[in-house]
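Novice: here is my input; please provide its structure:
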Amino acid sequence: VRVNFTTVADADSYRVVSIPQGIEMVVDAPPARMTKAVGLKLGVPYRFVVHAIADGLLSEASHPSEPAVAGCPYVLPRDHRPSEEGDYHLSYCCNHGHCGA
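Specialist: This next block holds a predicted model:
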């Protein structure tokens with residue numbers, strides 16, 4: 001699942017946390033790519049929150065993202081396809097609404 005977020009001034013890095021499971025990933029810049037390799041379970045709907053890290057201090061969490069289901073990619077219309085193969089927008093799928101991962 002590709003988690004996009006907006007950068008903030010003075011942030012050194014960002015901590016992305018999954019809901020449920022509390023799986024954490026620290027990245028230098030967006031996007032964060034959460035996969036089953038970091039512990040996401042395929043077919044499970046996840047939300048994500050992001051904390052900015054600056055000078056070793058953690059910001060409050062962002063609002064949770066919309067749900068996304070790991071392992072359920074979809075093909076965007078030709079004029080909206082991302083530049084990288086497998087680079088999908090964060091959304092909800094697997095028969096739980098519109099599909100995407």
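Novice: any regions of this structure where pLDDT drops low?
Specialist: Within the chain, the ranges that satisfy pLDDT under 70 run 72-101.
Novice: in it, which spans are helices?
Specialist: For the chain, applying DSSP state H gives no helices.
Novice: for it, what spans make up the strands?
Specialist: For the chain, applying DSSP state E gives strands covering 2-3, 13-19, 24-27, 32-33, 45-54, 57-58, 68-69.
Novice: rebuild those strands as CSV, extending it with mean neighbour count and distance to Gly39.
Specialist: Any C-beta I mention is one placed from the backbone N, CA and C, and that applies to glycine too. Formatted as CSV, the strands of the chain follow (neighbours: other CB atoms under 10 Å; distance: least, CB to CB, whole Å):
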stretch, mean neighbour count, distance to Gly39
strand 2-3, 22, 14
strand 13-19, 19, 8
strand 24-27, 14, 10
strand 32-33, 18, 13
strand 45-54, 19, 11
strand 57-58, 10, 20
strand 68-69, 26, 15
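Novice: could you find the closest non-adjacent residue to Ser59?
Specialist: Of all residues not flanking Ser59 in the chain, Ala52 sits nearest, at 4.2 Å (CB to CB, 6 or more residues apart in numbering).
Novice: ok, the one you found touching Val16?
Specialist: No: Ala52 is not in contact with Val16 according to CB atoms under 8 Å; the separation is 10.8 Å.
Novice: ramachandran angles for Gly56?
Specialist: phi 80, psi 0 (degrees, to the nearest 10).
Novice: can you report how many residues lie near it?
Specialist: By other CB atoms under 10 Å, 6 other residues sit near Gly56.
Novice: how close does Tyr16 sit to Pro67?
Specialist: Wrong residue type there; residue 16 is Val, not Tyr. Look at Val16 and Pro67: by CB to CB, to the nearest Å, they are 15 Å apart.
Novice: how much space separates Leu40 from Ser18?
Specialist: Distance from Leu40 to Ser18, by CB to CB: 7 Å.
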